[in-house]
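In: this one's sequence-less:
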């Protein structure tokens, strides 16, 4: 992971989610906002439509974006059924802007009142409310801006700006002409509609509260009314398992033990989750330059040994590697840093390059760390990588440099007699990034040192983009690893991963990754205190599972290593079906089916269950309900019927269902 990395220009993928803030808008319906004031859905009957807003101040040149949704210190107040979020946004220049947003309901519409005041001078493009609709739901539809109608393209066009001009409203209609969203504005408000799939899966309306520079002390205001039309129903869903069509075998579901590995959370997840695969960090940052004339390998070994002491992060990581090996959990390891003296320039936050004359030292450091872990801690990772070399999370390689690093490091590890090979890729996001591997794919010498293909899933991807990775791994006959699974790389900001909405966002992300990328292993970022899946009391010792933890328990517990993924279908896009042939029970048949419902509750009929399966245990997790075991269901004529609650994961399985430890753990 790139620590504290922005997920994308518009601030993250739009998904159906439930949040802790709801504004009433009619019987049985609510508009939902997250803790930072971003709209997440518009009410429609007993359900909702996905939508998202964020208040943004782009600096001149569109190279820096100040978001209300990313503000660190947001104050929230409520009065007369209206909620207000306030924050001060600070640019890299030090310039500040006071921004507020008030949300309420009026005549069945969701009303936003946005205000921004310049507290100092700065060059900005303006003050903008970004309004996003998910492209997967609206592509092929149309919109009306300023009285003129235009299409919402099926594929990303060039240019991606679709229409612009002054208007008092924008109306969006889906391809089936069954759903609509209306944005009502004061007369002559400047609006740009664009296809944002260059950055994320959405169409966007950039609504100008103010255009151009705000003078010091100047305030800009805008009132926006939003409403959805059409009808949503809880149609019964039909999901099918094709037990005759096996897709691939799973090597393990697990998580990262990298940042915060020394925290109590790490021990909690390792002992309470049946971790099937893991990733650790190789900590190399603080090694000193090697003494002149001293053998590089000996110098590296000596400095690693010096740091192998109680309380040092190197000791914590080595102990984690030892524990994983003792539990027979396969794992890989990645380096974010090398010592700064190995770089060609003064170290930066990212995009550092290894100096050519320092490669012998770099190889010695990597090799001796792995050799030390093997000899002193009896732990050998399957593979090694530099984390996210394509985007230069800390160290950057061009595609050609990545190819050369695979050969250099792979050959060195082989010369040391280590079984550790190389991760191919380990790129920072899944959208079109497989092309980064092209030079390595064309070099047999580089490929011979690789045993795993790896990408990080931050921000998600389309089924076709995920499919590129699945096809590549199948062509190479190498396992595919999602080394960092995560929905939003900026969710560390204000600890947004703790909000109820993030658990559902992450659930849908996992369902799509597993369904379309077909990975042999998926590793959550993280199983430590970083993006923690458990709640910590102030003493940081008393721990409790969250909904995110419960979802991880579903994946780890019911997709054990050796499970075989089966083909599935679902006749509703909001309901995802995953199926696995799992190690057989005494009856001779083993099956797990995960049913993820991303929207409101609905009944489900699951068909295609093998004849040998007569009964399925049921466990469910949703808001306020963690890993709850329900009465088993009998299978009749290869099918079962059940209800799927709103925003839930329901697992049907032949495997045993252990209790989720709900008591305080230490």
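Out: Looks like it came in fine. All of these numbers come straight from a predicted model, not from anything done at the bench. Numbering: from 1, shown residues only.
In: ok, now how distant is the residue of the chain most remote from its centre from residue 259?
Out: The outermost residue of the chain, judged against the average C-alpha position, is residue 293 (46.8 Å), by Cα atoms, centre = their mean. Separation of residue 293 from residue 259 (Cβ to Cβ, to the nearest Å): 36 Å. For every residue, glycine as well, the C-beta is placed using N, CA and C.
In: Any stretches of the stretch 401-550 of the chain with poor pLDDT?
Out: 539-541 (pLDDT under 70).
In: Strands of that one, start to end?
Out: 421-427, 450-456, 480-485, 521-524, 534-536, 543-545 (DSSP state E, counting those that start in this stretch).
In: what's the answer for the stretch 51-200 of the chain, then?
Out: 52-58, 65-67, 75-79, 82-90, 96-106, 109-118, 126-134, 142-145, 148-151, 161-173, 179-195.
In: Could you list the low-pLDDT ranges of the stretch 1-150 of the chain?
Out: Along the stretch 1-150 of the chain, segments meeting pLDDT under 70 span 1-29.
In: if we go to 50?
Out: 2-28 (pLDDT under 50).
In: mind listing what the residue farthest from the centre of the chain touches?
Out: If you count contacts by Cβ atoms under 8 Å, 6 or more residues apart in numbering, residue 293 has none.
In: Then the one 10 residues further on?
Out: Listed by Cβ under 8 Å, 6+ apart, the contact set of residue 303 reads 287-288.
In: what's the answer for residue 607, then?
Out: 238-241, 638-639.
In: who does it bridge with?
Out: Beta bridges link residue 607 to residue 240 when assigned by DSSP bridges.
In: how close does it sit to residue 243?
Out: Separation of residue 607 from residue 243 (Cβ to Cβ): 11 Å.
In: roughly how far apart are the residue farthest from the centre of the chain and residue 299?
Out: Taking Cβ to Cβ, one finds residue 293 at 10 Å from residue 299.
In: Check residue 149 too.
Out: Applying Cβ to Cβ to residue 149 and residue 299 gives a distance of 70 Å.
In: repeat for residue 647
Out: 55 Å.
In: Who has more neighbours out of these two?
Out: Using other Cβ atoms under 10 Å as the criterion, residue 647 and residue 299 rank with residue 647 on top: 24 against 20.
In: Quick check, pLDDT for that one.
Out: We note a pLDDT of 94 for residue 647 in this prediction.
In: My guess is it contacts residue 622. True?
Out: Yes - Residue 647 is within contact range of residue 622, at 6.0 Å (criterion: Cβ atoms under 8 Å).
In: Of all the residues in the longest helix anywhere in the chain, which ones are buried?
Out: Criterion DSSP state H: the longest helix present in the chain is helix 359-377. When burial is assessed from 16 or more other Cβ atoms under 10 Å, helix 359-377 yields the following buried residues: 359, 361-374, 377.
In: and it, what other elements does it pack with?
Out: Helix 359-377 is packed against helix 296-307, helix 313-326, helix 399-415, with contacts defined by 3 or more Cβ pairs under 8 Å, 6 or more residues apart in numbering; DSSP states H and E.
In: Show me what the last one is packed against.
Out: Here helix 399-415 is seen to pack against helix 359-377, strand 383-386, strand 421-427, helix 438-441, helix 444-447 when contacts are counted using 3+ Cβ pairs under 8 Å, 6+ apart.
In: Enumerate every residue touching residue 112.
Out: Here residue 112 is in contact with 39, 53, 101-103, 129, 223-226 (Cβ under 8 Å, 6+ apart).
In: now those residues: which count as buried?
Out: Here, 16+ other Cβ under 10 Å leaves 39, 53, 101-103, 129, 224-226 buried among the contacts of residue 112.
In: Save those residues as TSV, and put in distance to residue 182 too.
Out: Compiled in TSV, those are given as follows (distance: Cβ to Cβ, whole Å):
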residue	distance to residue 182
39	14
53	14
101	19
102	20
103	17
129	15
224	11
225	8
226	7
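In: what's the closest of these to residue 233?
Out: Nearest to residue 233 among these, counting by Cβ to Cβ, is residue 226 at 21.7 Å.
In: From residue 181, how far out is the closest one?
Out: 7 Å.
In: go on, residue 81?
Out: Applying Cβ to Cβ, the value for residue 81 to residue 181 is 23 Å.
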